[in-house]
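no letters, just coordinates:
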Ligand code: SF4
Ligand code: SF4
């Protein structure tokens, strides 16, 4: 479980934005498609476990606040089956596509996690990882 970093400095946010844009472009080249059914965001039922770094969590929370406390393993950003955090969603959310094979997704994830680590190191941030739902639950339980 992660505790979110304080609001990210602009320079770090900018680098993560560029990283996500490059990732999204690479996924388009691979013809990753999504019909936005929201099934994979019902994590428990889908058998999907999403982990993210503290940078990704801070970026996600900067871009949108969860609509509710996570319940039954459903991501609290999922509303009426749709993701309400498309802009800031984490690496794992961006990479997962039902029409891509597991090996491709794994290698893309590893490559972009390395790039994310380099951003953190360049800005003196220690990288930590946590599971998405428990980290968001922890965030929602915090006062203020
Ligand atoms: S990746 Fe697949 S399961 Fe997930 S929202 Fe898109 S179509 Fe649905
Ligand atoms: S952040 Fe969006 S894409 Fe990721 S699990 Fe939640 S609803 Fe799905």
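Looks like it came in fine. The structure displayed is predicted, hence computed values, not measured ones. Ligands and ions are numbered 1, 2, ... in the order given.

for whichever strand or helix holds residue 120, what is the average pLDDT?
Element membership of residue 120, judged by DSSP states H and E, is helix 102-122. For helix 102-122, mean pLDDT is 96.

next helix or strand past it?
Downstream of helix 102-122 (by DSSP H and E), the next one is strand 129-131.

gap between that next one and the chain center?
10 Å (Cα atoms, centre = their mean, to the nearest Å).

give me the helices and strands touching it, please.
strand 51-53, helix 54-63 (3 or more Cβ pairs under 8 Å, 6 or more residues apart in numbering; DSSP states H and E). (Glycine included, C-beta is placed from N, CA and C.)

let's have these in TSV, adding mean neighbour count, mean pLDDT and distance to residue 131.
What follows is these, written out as TSV (neighbours: other Cβ atoms under 10 Å; pLDDT from 0 to 100; distance: least, Cβ to Cβ, whole Å):
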stretch	mean neighbour count	mean pLDDT	distance to residue 131
strand 51-53	21	96	5
helix 54-63	22	95	11
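
out of these, which comes closest to ligand 2?
helix 54-63 (6.8 Å; Cβ to the nearest ligand atom).

which intervals of this protein have sub-threshold pLDDT?
Along the chain, the parts satisfying pLDDT under 70 run over 4, 143-144.

would you mind listing what in it touches ligand 2?
Residues of the chain lying close to ligand 2 by Cβ under 6 Å from any ligand atom are 41, 50, 75, 77-78, 83, 85, 89, 93.

mind checking which of those residues land in helices?
residue 93 (DSSP state H).

quick one: which of the residues of the chain next to ligand 2 is nearest to residue 2?
Comparing the residues of the chain next to ligand 2 against residue 2 with Cβ to Cβ places residue 50 closest, at 12.1 Å.
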